[in-house]
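Asker: quick check, what structure comes out for this input:
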Amino acid sequence: MNTNKNINMNVYIFIVMRILVTGGTGLVGKAIQEIAIVNQKPNVDDVWTFVSSKDADLCDFESTKALFERIRPTHVIHLAAMVGGLFTPFYISNADFKIM
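Answerer: Below is the predicted model of the structure:
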């Protein structure tokens, strides 16, 4: 048991977050980007990276692995989806199931 009362036991660890946002150029990704920029604190070094399909093919393992090795995110917000406009049903390209 430590009886020395002069030892400060408060330890502060500052972890820089590296947030990867897939689908970063879409509607929701752009909204998050605006909020992240507006709410960024001046003394916080968090890094936000917004990527699109031009940056990596998330359907390809090697491409996705290379993206993660390059960015090394601590957090991921996954918004990427295949969109085809108003007349393409969402479930056709984003889910792997059969409708009977």
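
Asker: which stretches of the protein have low pLDDT?
Answerer: The model of the chain has pLDDT under 70 over residues 1-14, 43, 84-100.

Asker: in it, which helix has the most residues?
Answerer: Longest helix in the chain by number of residues (criterion: DSSP state H): helix 27-39.

Asker: in terms of secondary structure, what does it contact?
Answerer: strand 18-22, strand 47-51 (3 or more C-beta pairs under 8 Å, 6 or more residues apart in numbering; DSSP states H and E). Glycine gets a C-beta too; all of them are placed from N, C-alpha and C.

Asker: looking at those, which is buried most?
Answerer: strand 18-22 (a mean of 21; mean count of other C-beta atoms under 10 Å).

Asker: which neighbouring elements make contact with that strand?
Answerer: Against strand 18-22 (3+ C-beta pairs under 8 Å, 6+ apart) you get helix 27-39, strand 47-51, helix 61-71, strand 75-78.

Asker: other residues contacting that strand?
Answerer: With contacts defined as C-beta atoms under 8 Å, 6 or more residues apart in numbering, strand 18-22 is touched by 29, 32-33, 36, 46-51, 58, 67-68, 71-80.

Asker: partner strands of that strand and their direction?
Answerer: strand 47-51 (parallel), strand 75-78 (parallel) (DSSP bridges).
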